[in-house]
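Asks: here's a sequence, model it:
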Amino acid sequence: PSLARWVKKQRQQYKLHLQGKLSNMTRERIKMLDDIGFIWDSREGRSQTHPPKHWERNFNRLVEYKNVHKHCLVPCGCLVVPSLARWVKKQRQQYKLHLQGKLSNMTRERIKMLDDIGFIWDSREGRSQTHPPKHWERNFNRLVKYKNVHKHCLVPYDYLLEPSLARWVKKQRQQYKLRLQGKFSNMTQTRIKMLDDIGFIWDSREARWQEILEELIEYKQKNGDCMVPPNNSSNPHLASWVKQQRREYKLFQEGHSSNMTHQRILILENYGFNWRPYTFKHNMEKNKAIRIERQHTCLGGYRAELQIPKIQQIQTKAVLIDNTKSCDVSDITNDEGLKDDKHLKNDEHLKDNISCFSIICCIAASSSLF
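Replies: Sure thing, here's the model as predicted:
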């Protein structure tokens, strides 16, 4: 009897140890008792030697129910076996207490036996498999229609056409987060699979990032590039978002903490996103200045050609040819279009030609060659 009392005391001290209260149970003692197969839960110990007949009898009834209905989802209002429905409900309650570390008659052996026959511990998940709630299913169908139109499930928070759908989408993310934290949630595995199948994004931050990316794509389609100006009054939050991406990219390149990822970088670069707007702007202004300078040069040469008499143009051309010793001046004056000086004065043909020859004439005139 003294050994039995000592064993009972070890279980009590172990329970106090788990609760963080004063106890003489240490880690070394726990390890020594575990090594010899000590069972800390007395109820589990009894179930291994003499399983309660009442529990075993109801378990067998549940197995028979499954053989007939192909599942263990005994409804609460089942008139055929009402006691079995109450027993199933009680097992879920005891399992919840067991997970919370509270007093419960649910043991590991019982959990394994119920798992082996496909028992569903979450009653909400069980109901969703047989009779999905109409309200949830109706909103899910609305989300499917939204995706068919917009090609994604990113319903914006300020969606004016269906604000209730936007709130419902936000709620699904909240319920999913609670489920991951082990807290009470109406999000079931069946619902998760249904939403995953249509490409639902669970992370609200990622969803928001994708929403603004769609706005950037629309901006590029209208303007031809992703250079959103900082003072963009039509869409100020897009301008701030673009600036934030460049800031996060810089932190990412420097090895600091950042929400920029390789995947986001590839997505943005695929749409022609420029990480250095000042370089892009400088190149644009430089190219514009070069283009204007070329236009002025051609226009100046054209005007110079109109102001220089034709005989001086001939002499300039002759001097150039004489310097290169490529031909005689008579080759030029023999041109039928230049023999008649009166015809030269009325000739409007050369006024329409803009060429390197006009620029040469301009240079010659300014150098006082004639």
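Asks: what's in contact with stretch 157-169?
Replies: Identification of contacts with stretch 157-169 by CB atoms under 8 Å, 6 or more residues apart in numbering yields 139, 142-143, 146, 153, 155-156, 170. (Glycine included, C-beta is placed from N, CA and C.)
Asks: now those: which count as buried?
Replies: Buried members of those, counted by 16 or more other CB atoms under 10 Å: 139, 142-143, 146, 153, 155.
Asks: re the thing from before, which two of the contacts of stretch 157-169 have the greatest separation?
Replies: Taking CB to CB as the measure, the contacts of stretch 157-169 span a maximum distance of 16.2 Å, between Asn139 and Pro156.
Asks: hmm, back to that, turn the buried ones among the contacts of stretch 157-169 into CSV, columns for pLDDT and secondary structure.
Replies: Listed next are the buried ones among the contacts of stretch 157-169 as CSV, based on pLDDT from 0 to 100; DSSP: H, G, I helix; E, B strand; the rest coil:
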residue, pLDDT, secondary structure
Asn139, 91, helix
Arg142, 92, helix
Leu143, 93, helix
Tyr146, 91, helix
Cys153, 85, coil
Val155, 85, coil
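Asks: ok, so of those, who is nearest Gln175?
Replies: Asn139 (12.5 Å).
Asks: measure the closest one to Ser164 for me?
Replies: For Asn139, the distance to Ser164 (CB to CB, to the nearest Å) stands at 8 Å.
Asks: shaky segments in this protein?
Replies: For the chain, applying pLDDT under 70 flags the ranges 42-52, 77-80, 123-133, 278-370.
Asks: enumerate every residue touching Arg173.
Replies: With contacts defined as CB under 8 Å, 6+ apart, Arg173 is in contact with 202-204, 207.
Asks: out of these, flag the one nearest to Ser104.
Replies: Taking CB to CB as the measure, Ser104 lies nearest Trp202 of the contacts of Arg173, at 31.7 Å.
Asks: helix or strand: which one has the closest residue to that closest one other than its chain neighbours?
Replies: Nearest non-adjacent residue to Trp202, counting by CB to CB, 6 or more residues apart in numbering: Tyr176, 5.3 Å away. Tyr176 is part of helix 163-180 when elements are defined by DSSP states H and E.
Asks: which other helices and strands does the strand or helix carrying Lys193 contact?
Replies: Element membership for Lys193, per DSSP H and E: helix 189-197. Secondary-structure packing of helix 189-197 (3 or more CB pairs under 8 Å, 6 or more residues apart in numbering; DSSP states H and E): helix 123-130, helix 134-150, helix 163-180.
Asks: adding distance to Glu28, write those out as TSV.
Replies: Below are those laid out as TSV (distance: least, CB to CB, whole Å):
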stretch	distance to Glu28
helix 123-130	42
helix 134-150	52
helix 163-180	35
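Asks: in stretch 191-210, which residues are buried?
Replies: 191-192, 194-195, 200-201, 207, 209-210.
Asks: alpha carbons only: can I get that stretch in CSV?
Replies: The C-alpha trace of stretch 191-210 is given here as CSV (Å, rounded to 0.1, in the frame of the first residue of the first chain):
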residue,chain,number,x,y,z
ARG,A,191,-13.4,25.3,-46.2
ILE,A,192,-9.6,25.7,-46.4
LYS,A,193,-9.5,23.2,-49.3
MET,A,194,-12.4,24.9,-51.1
LEU,A,195,-10.7,28.3,-50.9
ASP,A,196,-7.3,26.9,-51.8
ASP,A,197,-8.7,25.4,-55.0
ILE,A,198,-9.7,28.8,-56.3
GLY,A,199,-6.4,30.4,-55.4
PHE,A,200,-7.4,32.3,-52.2
ILE,A,201,-4.5,34.2,-50.6
TRP,A,202,-4.6,33.8,-46.8
ASP,A,203,-1.9,36.4,-45.9
SER,A,204,-3.6,39.8,-45.8
ARG,A,205,-0.3,41.7,-46.4
GLU,A,206,0.4,39.6,-49.5
ALA,A,207,-3.1,40.1,-50.7
ARG,A,208,-2.8,43.9,-50.3
TRP,A,209,0.5,43.8,-52.2
GLN,A,210,-1.1,42.0,-55.0
